[in-house]
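1. Task: produce atomic coordinates for the following.
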Amino acid sequence: MTNPNHIPHEVIFTGKHLRLLRAEDGAACLIKTPVDDVAPASVLRQLDHEYEICRDLDLAGILRPTAKETFEGRPAIVFDDPGGVSLAQLLEAGSVDMPFFLDVAIELTAIIGRLHRK
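-> Down below sits the predicted model:
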């Protein structure tokens, strides 16, 4: 399904093959899509795999996709946007002190533990 109402606002992350955009379609959302116009088959499989695994998860700290769509001619996974600032942005700003870092590390470890128990 293609949703022409997604209006991108900022790129949150760009990796070698995937990017994450903050957008809006009447409500705030996140869109994960390939970087390249023609993505390698392995990237398309990765997106499909992530969607299939995450759509049925109900775990605090793990975003559940709301849709699998086409965005700007590319396959995409859409998530509700929980808001906030990415960890990369915090690190770039130099606003991460040791207690905060440890809190985040502990929470991420707990999330990964819950995920692996599923």
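2. Would you state the strands of the protein in chain order?
-> Using DSSP state E, the strands of the chain run over residues 7-14, 18-24, 28-34, 65-71, 74-80.
3. what angle separates the last one from strand 18-24?
-> Angle of strand 74-80 versus strand 18-24, following axes from the mean of the first three to the mean of the last three CA atoms, to 10 degrees, is 50 degrees.
4. Kindly report the same for the fourth one.
-> Relative orientation of strand 65-71 with respect to strand 18-24: 100 degrees, computed using the same axes, to 10 degrees.
5. Could you list the buried residues of strand 65-71?
-> Neighbour-count burial for strand 65-71 flags 65, 68-69, 71 (criterion: 16 or more other CB atoms under 10 Å). Placement of C-beta: from N, CA and C, glycine included.
6. quick check, nearest of the residues you listed to L44?
-> K68 (11.3 Å; CB to CB).
7. In space, what's closest to that closest one - neighbours in sequence excluded?
-> Y51 (5.1 Å; CB to CB, 6 or more residues apart in numbering).
8. ok now do the one you found, which residues does it touch?
-> Contacts for Y51 (CB atoms under 8 Å, 6 or more residues apart in numbering) come out as 65, 68, 77.
9. Can I get these in CSV including pLDDT and distance to H6?
-> CSV is the format used below for these (pLDDT from 0 to 100; distance: CB to CB, whole Å):
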residue, pLDDT, distance to H6
P65, 95, 14
K68, 94, 13
I77, 96, 12
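10. Turn these into TSV, including distance to F101.
-> Below are the contacts of Y51 laid out as TSV (distance: CB to CB, whole Å):
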residue	distance to F101
P65	29
K68	34
I77	29
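11. ok, these vs I7, which is closest?
-> I77 (17.4 Å).
12. I'd like to know how far the closest one sits from L87.
-> According to CB to CB, to the nearest Å, I77 and L87 sit 20 Å apart.
13. Between the two, which is the more surrounded one?
-> I77 (23 against 13; other CB atoms under 10 Å).
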